[in-house]
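1. For reference, the sequence and a predicted model appear below.
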Amino acid sequence: MSNPAVSPPMPSETAPRQSRAAASGTGGLWIERRSLAACAALEADWRNLVCRAIEPNPFFEPDFALAAAQHLVDFRDAPVLLVWGGSPASRRLLGFIPGRLQRRLLGRDELIGWSNPRLGIATPLIDRSQAGRVVAALLHAPGQLGLAGARNLHLPSLDRDGALLPVLLQTAEHVGHAALIQPVPEPATAGGAPDLAALRHGLTRYGRLSFSESGSRQELRDMVELHLALEASGARGHAGLAALQDVRESAFLRSMTRSLAWTRRCRAGLLSLDDKPIAGAILVGKGSRLWLHSGVEDDRFASFAPLAQLVSWLGRSSRREIVGRVPGPHAVTAPQRLGSVHLAVTAKAARQAPFLIRRRATAA
């Protein structure tokens, strides 16, 4: 007997054959699985979802993610679950969730959100008006995706102060899943850190200091090249670990920054001593919060904290919070409370009939 809850696969005429996957209907939503690279065919729908997302994430926007998929091997085949609303003929993208299915011999399979050290945050893109339905659909996606009816969900590197977390907790309670939040340990703050103003005054003994920030796409391109060169001239370059020494890494950084610059979601800054850069920063994002994607400094002046000096100046100049790791004891970035969220099916929910589970997912 056929399962009436499972809809036929959704056609995907623009996707490469190898990226097509069976889709399933849960609570009136469709779920499709693709590789990140294959999502380029859906760029218009993807960008539209970015504007409707309950929580912004520049690292999962097309300009960042497609550049990574093009140049970086570990991004290219990263699996993505796409949640669609409506019919195959008039569909609307409601969720963009990079993640993979982890099968277990004992216990229930788990859908694990994807993360990477290059990502400042790993919050999936979910339509703010349909967030509860999308989460419920992920928890109860039926068999055509190889998922069990009531399942577990693990999303790493979420903002614990963001708008998505309350929706996750509310949906988990509604559909019968237990929720666990595991905070990411925050770096210890050292007391009595040297005053940046005093260190900046010490730097002036070596020459004239100047701060600059990219104001155009051409300035951004030039500053990115100086940033790459500065990193290659230091300890990372001597160890063969600089981005300029890796064709893929340097190509990604150039492509990503130029793509994001079109929508003003990337900027670069330099701190120079007698017009020679001694610190560089590349910031990603838009709005009240920016992420420090890459920061470098001249090792010869490390005791004067040139990168901390630059990030502090960029924050004051832009009047925005900057999130990221800056070496040293200087608290120049905004705190970001990250955590991993586990939604696990309870014994009571596991005993529910599949039909009742689907009704709960639809109502969420």
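-> Perfect, I can see it now.
2. now the strands: where do they sit in the chain?
-> Ranges of strands in the chain, per DSSP state E, are 24-26, 29-35, 79-85, 92-102, 110-113, 125-126, 152-159, 177-183, 209-213, 266-273, 276-284, 289-297, 321-323, 338-345.
3. so how far is the longest one from its chain's centroid?
-> Put simply, strand 92-102 sits 13 Å off its chain's centre (Cα atoms, centre = their mean, to the nearest Å).
4. Give the pairing partners of it; include direction for each.
-> strand 79-85 (antiparallel), strand 110-113 (antiparallel), strand 125-126 (antiparallel) (DSSP bridges).
5. tilt between it and strand 152-159?
-> For strand 92-102 against strand 152-159, the angle by axes from the mean of the first three to the mean of the last three Cα atoms, to 10 degrees is 110 degrees.
6. any residues touching strand 92-102, and which ones?
-> 29, 36, 39, 42, 45-46, 48-49, 60, 78-86, 109-114, 122, 124-127, 130, 133-134, 137-138, 145-147, 155 (Cβ atoms under 8 Å, 6 or more residues apart in numbering). C-betas here are computed from N, CA, C, even on glycine.
7. that older thread, point out the most buried one among the strands paired with strand 92-102.
-> By mean neighbour count, with neighbours taken as mean count of other Cβ atoms under 10 Å, strand 125-126 ranks first of the strands paired with strand 92-102 at a mean of 26.
8. and for that strand, what are the contacting residues?
-> By Cβ under 8 Å, 6+ apart, the list of residues contacting strand 125-126 reads 49-50, 53-55, 57, 60-61, 83, 94-97, 134-135, 164.
9. go with 10 Å
-> 46, 49-50, 52-57, 60-61, 65, 83, 93-98, 132-135, 138, 163-164, 167-168 (Cβ atoms under 10 Å, 6 or more residues apart in numbering).
10. Quick check: ChimeraX command selecting the buried ones in the residues you listed.
-> Here is the ChimeraX command that selects the buried residues among these (16 or more other Cβ atoms under 10 Å):
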select :46,49,50,53,54,55,56,57,60,61,65,83,93,94,95,96,97,98,132,133,134,135,138,164,167,168
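11. lowest average confidence, helix or strand, in this protein?
-> helix 354-363 (a mean of 41; mean pLDDT, DSSP states H and E).
12. rewinding a little: lowest average pLDDT across the strands of the chain?
-> Lowest mean pLDDT of the strands of the chain: strand 24-26, a mean of 53.
13. Could you list the low-confidence segments of the stretch 101-250 of the chain?
-> Scanning the stretch 101-250 of the chain for pLDDT under 70 picks out 104-107, 141-150, 187-193.
14. residue ranges of the helices in it, please?
-> Assigned by DSSP state H, counting those that start in this stretch, the stretch 101-250 of the chain shows helices spanning 131-139, 164-175, 196-203, 217-232, 235-238, 247-262.
15. helices or strands up against the last one?
-> For helix 247-262, the elements it packs on are helix 62-71, helix 217-232, strand 266-273, strand 276-284, strand 289-297, judged by 3 or more Cβ pairs under 10 Å, 6 or more residues apart in numbering; DSSP states H and E.
16. repeat that with 8 Å
-> If you count contacts as 3 or more Cβ pairs under 8 Å, 6 or more residues apart in numbering; DSSP states H and E, helix 247-262 packs onto helix 62-71, helix 217-232, strand 266-273, strand 276-284.
17. can these go into CSV with extra columns for distance to L203?
-> Shown next, in CSV, are these (distance: least, Cβ to Cβ, whole Å):
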stretch, distance to L203
helix 62-71, 33
helix 217-232, 16
strand 266-273, 7
strand 276-284, 8
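18. Any idea which of these gets closest to L241?
-> Closest approach to L241 among the helices and strands packed on helix 247-262 (Cβ to Cβ): helix 217-232, 9.0 Å.
19. any idea how far A251 is from K276?
-> In this view, K276 and A251 are 26 Å apart by Cβ to Cβ, to the nearest Å.
20. quick revisit: nearest to L338, out of the helices of the stretch 101-250 of the chain?
-> Short answer: helix 164-175, nearest of the helices of the stretch 101-250 of the chain by Cβ to Cβ, at 10.8 Å.
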